[in-house]
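Asks: structure for the following, please:
(chains A and B)
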Number of protein chains: 2
Amino acid sequence: MALDKISFIDEVAMTLGIIGLGLMGGSLALAVKERGLFNRVAGYNRSEESLFFALKTGMIDEALALEELIKSCDLIVAALPVQSIVSLLPKLAAAKKSAFFTDLGSTKVAIVNAIPSEIRKRFVAAHPMAGTEYSGAKSAFAALYKERIAVLCDTEENSPEALECVGGMFTGVGMRTVTMRSSDHDHHAAFISHLPHAISYALANSVLSQEDKKSILTLAAGGFRDMSRIAKSPSAVWIDIFTQNKQALLPALEVFEREFSMAKKLVKEERWKELGEWMQRANTLHKIFTPQ
Amino acid sequence: MALDKISFIDEVAMTLGIIGLGLMGGSLALAVKERGLFNRVAGYNRSEESLFFALKTGMIDEALALEELIKSCDLIVAALPVQSIVSLLPKLAAAKKSAFFTDLGSTKVAIVNAIPSEIRKRFVAAHPMAGTEYSGAKSAFAALYKERIAVLCDTEENSPEALECVGGMFTGVGMRTVTMRSSDHDHHAAFISHLPHAISYALANSVLSQEDKKSILTLAAGGFRDMSRIAKSPSAVWIDIFTQNKQALLPALEVFEREFSMAKKLVKEERWKELGEWMQRANTLHKIFTPQ
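Replies: Have a look, this model is predicted:
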C-alpha cells in the first residue's frame, strides 16, 4: 500500500489531537500546522504551563482536557514517555468509533501489547527516528521530522484506512515510512539509539568522577562534544525506555561491553597489532553506513 | 609571558618547515599562508603524491627532502603520527642552532622524553586540540585550528624566544594557548579524546557484529551518527596514540568500563531508581561543560 499520500486526511476535515506537548508532540504540532495537514490541532499537556505556552504561541489551536481530547479528535497521537503511553492506552477506547491513533514512543513491543483490542486495527504503532537532547514544549521545532524515518510496526494488524491516515501524517511532515515487526524494531533501536544513550551517560559520568574534571573539560574538542551531547537527554524519558526495552537492550549492552573490554585487554597486554585490526574493522562501518 | 603576539615572527623573515602534510600539517600550512605569518612555507611528506598535491595547490611554497628541510628552516613542525615523531626527534639536532621546533602530537610525555637535550630549550611540545575523522592532505582545511585550544607542555624547559615563536604561530592561526605539565595533558587527553575514540570504535564494532547490521543502520539518527563519527579515524594514527599513552589511557578505559558495567547491572537487576539517578548525574555534565 502506498503510504506517501495524504489523500485521506485531505478528503476529511480532521481534527488532530496531540497528548503531550514536549519536544516530540510539540514539534509534530508545529510541523502539521506549517503544512496545513489538519483542519484543527488540539492539544493536552499535564503541565499547564506548557499547555498555555503551546496555545499562546499558536502551536495548537485549542487546549483540551484529556477526556475531551480523546472523545472529540479524529486522529489521536500519544506523545508521552513510553511508560505513560502504556498507562494511557486503556483510556483511548473511549474515543469515537471512527478515530485513528498513533504514538511516538521509542519502544514498540510493550506498547503494541497494551493496545486495547477494540482499537487495535485503528492504532498504528510508530516510532519517528528523530529527536534532540532537549525536552519540553519550548525545545520543539517544525523541522524535527523532516527527511527522517518513521517506523510503523506490526502494520498487518491495521486497517488500510488507519495506515493511510497515520502514514499520511508522517509523510506529510516530510518523513519516509518503513514497516517492520515491533520485535525487530526494539532490537534495532536498542543498538542504534538506546545503547548510544547508555554509552553517552557512562562517558559523562566517567569524566565527572575525576577530581580534575574541569581541567579535563577545558580540552574538549569535537569528538567529546559529539559523544557527550545525548548525555543531556532527560532521565524521565530514558528510564522508561530502558525499562520497557530491557529484553532487547540488555543483549546490546552486553555486546558493547564485550567489544570494549576486549579492546581494554588488548591495550593492557600491549597487543597492538590486534588492536589495530580491531580499529580497522570499526573503520569499515562507514562503507555500509553513510550518515544523512 | 604573553603568548598572544606574533611580534617575533613578524620581526624576522622566517621559513616554516612542516614535516608531514596530512590533516594536521596540511591544515597548519593553509592557515599560516592564509594569515601570511611566514616568509615561506616548506613541506616534506613521505608520500610523494601528497607532497605534489600540496605543492600544486599552493599549500606549501616549496617541497624539500627531509634533511634539507631540517637544515634550512627556522621553525620546524613535526606533524606526524606520534610514534613517527619520536623516531624523527634525533634527526632534528642537525637543524640550525637558531631554529625552533614544535609538534602537533596527541600524546606528550613520550615525545617530551625523546627530545634531544641540545634542542630541548627550543622545542615547545604542543597539542592543538583540533581534528576531524578524516586524514591526508586532501582533508586539510585552513579553519581547522580557529578558536580551538593549543596545549603547550612543560614550557618551563623552553627559552622565552622559543615560546614566543611557537606560541605566536598557534595564536596567529586563531588558537588560544594553555600550558600544563605533559603528564597532566596525557591524563586529560586520555579522558577527553582517546577514551571517546575507543568507545566509538567499540560501538561501530558492536553494530558490525550483528547479522542484521544493515537493517539496524537504516534507523540511525543523530545520536548514533555523532557517536560513530570518529570510528572512521585512521588506525595508523590511533594505534600510535594508544601505544604511547597506555599509562594514562588504561585507567581511563577502566573508569568507563566500571561506569558502563554498573549501568548494565542496574538494567539487568531492574534497579530503575538507581539507574535514573545515574542518568541524572550524567545530565549534570552540562552544568560545568558548555560545548563551544
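
Asks: residue ranges with poor pLDDT in the stretch 1-150 of chain A?
Replies: A:1-12 (pLDDT under 70).

Asks: got the residues of it near chain B?
Replies: A:129-132, A:148-149 (Cβ under 8 Å from any Cβ of the partner chain). For the C-beta atoms, the positions are set from N, CA and C on the backbone; glycine is no exception.

Asks: if we use 6 Å, what do you get?
Replies: Counting by Cβ under 6 Å from any Cβ of the partner chain, the residues of the stretch 1-150 of chain A close to chain B are residue A:129.

Asks: who touches the helix ranked longest in chain A?
Replies: Determined from DSSP state H, the single longest helix within chain A is helix A:246-268. Outside helix A:246-268, the residues that touch it by Cβ atoms under 6 Å, 6 or more residues apart in numbering or on different chains are A:186-187, A:190-191, A:194-195, A:274-275, B:198, B:202, B:205-206, B:242, B:250, B:253, B:264, B:267-268.

Asks: so which of those sit within helices?
Replies: Using DSSP H, the contacts of helix A:246-268 in helices are A:186-187, A:195, A:274-275, B:198, B:202, B:205-206, B:242, B:250, B:253, B:264, B:267-268.

Asks: drop anything exposed from those residues.
Replies: A:186-187, A:195, A:275, B:198, B:202, B:205-206, B:242, B:253, B:264, B:267 (16 or more other Cβ atoms under 10 Å in any protein chain shown).

Asks: report the two of the residues you listed separated the most.
Replies: Maximum pairwise distance among those (Cβ to Cβ): 34.6 Å, between A:186 and B:242.

Asks: how about the one residue sitting closest to the centre of chain A, nearest residue that isn't a chain neighbour?
Replies: Computing the C-alpha centroid of chain A and ranking residues by Cα atoms, centre = their mean puts residue A:106 first, at 4.2 Å. Nearest residue to residue A:106 in three dimensions, chain neighbours excluded: residue A:241, at 4.9 Å (Cβ to Cβ, 6 or more residues apart in numbering or on different chains).

Asks: list the contacts for the one you found?
Replies: A:82, A:106-107.

Asks: tell me the one of the residues you listed nearest residue B:66?
Replies: residue A:106 (54.7 Å).

Asks: how near is the closest one to residue A:189?
Replies: Going from residue A:106 to residue A:189 by Cβ to Cβ, to the nearest Å gives 6 Å.

Asks: for the host helix or strand of residue A:125, name the packing helices and strands.
Replies: Assessed by DSSP states H and E, residue A:125 sits inside strand A:123-128. If contacts are counted by 3 or more Cβ pairs under 6 Å, 6 or more residues apart in numbering or on different chains; DSSP states H and E, strand A:123-128 sits against strand A:100-103, strand A:149-153.

Asks: most packed of these?
Replies: strand A:100-103 (a mean of 28; mean count of other Cβ atoms under 10 Å in any protein chain shown).

Asks: which other helices and strands contact whichever helix or strand comes after it?
Replies: Per DSSP H and E, the first helix or strand lying C-terminal to strand A:100-103 is helix A:109-113. Here helix A:109-113 touches helix A:182-189, going by 3+ Cβ pairs under 6 Å, 6+ apart.

Asks: in terms of secondary structure, what does the helix it packs on contact?
Replies: So helix A:182-189, by 3+ Cβ pairs under 6 Å, 6+ apart, packs with helix A:109-113, strand A:149-153.

Asks: other residues contacting that helix?
Replies: A:107-109, A:112, A:151, A:153-154, A:245, A:248, B:215-216, B:219.

Asks: go again with 8 Å.
Replies: Helix A:182-189 has contacts (Cβ atoms under 8 Å, 6 or more residues apart in numbering or on different chains) with A:106-109, A:111-112, A:125, A:127, A:151, A:153-154, A:180, A:245, A:247-248, A:252, B:212, B:215-216, B:218-219.

Asks: where's the residue nearest to the centre of chain A relative to residue B:209, distance?
Replies: Residue A:106 is 23 Å from residue B:209, by Cβ to Cβ.

Asks: kindly report the same for residue A:110.
Replies: 26 Å.

Asks: out of the two, which sits in the more crowded spot?
Replies: Set side by side, residue A:110 and residue B:209 show more neighbours around residue A:110, with 21 against 14, by other Cβ atoms under 10 Å in any protein chain shown.

Asks: surely residue A:272 meets residue B:239?
Replies: Yes: under the criterion of Cβ atoms under 8 Å, residue A:272 makes contact with residue B:239 at 5.6 Å.

Asks: between the two, which one's more packed in?
Replies: Neighbours of residue A:272 and residue B:239, each counted by other Cβ under 10 Å, are more numerous for residue B:239; the result is 21 against 16.

Asks: quick check: pLDDT value at the more buried one.
Replies: We have a pLDDT of 97 for residue B:239.

Asks: and the helix or strand encompassing it, what's buried?
Replies: Per DSSP H and E: residue B:239 is located in helix B:235-244. Going by neighbour count (16+ other Cβ under 10 Å), the buried part of helix B:235-244 is B:235, B:237-244.

Asks: residue A:287 - how many residues pack around it?
Replies: Neighbours of residue A:287 (other Cβ under 10 Å): 7.

Asks: no wait, residue A:98
Replies: 10.

Asks: also the one 10 residues further on?
Replies: Using other Cβ under 10 Å, residue A:108 has 28 neighbouring residues.

Asks: what sits closest to it if chain neighbours are left out?
Replies: Looking at residue A:108 with Cβ to Cβ, 6+ apart, the closest residue is residue A:182, at 3.8 Å.

Asks: go on, residue A:221?
Replies: residue B:129 (4.5 Å).

Asks: residues contacting stretch A:283-292, please?
Replies: Under Cβ under 8 Å, 6+ apart, the answer for stretch A:283-292 is A:147, B:204, B:207-208, B:213-214, B:217, B:220, B:225, B:228-229, B:231-235.

Asks: from these, which land in helices?
Replies: Per DSSP H, the contacts of stretch A:283-292 map to helices at B:204, B:207-208, B:213-214, B:217, B:225, B:228, B:235.
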